[in-house]
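Trainee: Need coordinates for the following:
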Amino acid sequence: MDKEYIKAISTIIEKTKHDIQNYYEVDLSEKPKYNEVNKSLEKLLKQLQDTKSTINNYLKITNEGYLVLEHVSSNYVIKFLDGSNFQPLVCGFYLETYINNKGWSVVKVEYDLKKGYYFYNPEIGCQNLYPNMKVRVR
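Mentor: This next block holds a predicted model:
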């Protein structure tokens, strides 16, 4: 998908959100038969906002690098290809990692006393972080 296509989708989402919010200006809350409709519309608005946030995130420029294990703190940091370093990775941090045969996948960094640092992705499962792992952030 190119950026113009993604921007067009974002515009459609924003217009749809606006139209639904205008619908809410008509007070239907007093009529019980509209309660389920209103609940569904609220879920749709939330999903539209989440989708727009995801699209905006993917429009950001990526900064690619490799994981380095700091021996003093035993934390991983990202050494970017331009030579700069990123702050130490912490639990709950999202990044993208390159998985052979799958390409880039969004993962969440976690820590376990027994396993050490690992990442989680629902499709991939859990895998340990390791030095020189190819990663990127947006």
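
Trainee: Kindly state the pLDDT recorded for Asp112?
Mentor: Asp112 is assigned a predicted lDDT (pLDDT) of 90.

Trainee: For it, give the beta-bridge partners.
Mentor: The partner list for Asp112 in beta bridges (DSSP bridges) reads Gly116.

Trainee: So Gln21 sits against Glu42, correct?
Mentor: No. Counting by CB atoms under 8 Å, Gln21 sits too far from Glu42 to count as a contact (10.7 Å). Glycine gets a C-beta too; all of them are placed from N, C-alpha and C.

Trainee: pLDDT averaged over stretch 17-26, what's the number?
Mentor: When pLDDT is averaged along stretch 17-26, the result is 71.

Trainee: Revised request: answer the last question for stretch 52-66.
Mentor: The predicted model assigns stretch 52-66 a mean pLDDT of 86.

Trainee: Buried residues of it, list them for me.
Mentor: Using 16 or more other CB atoms under 10 Å as the test for burial, stretch 52-66 gives 52, 65-66.
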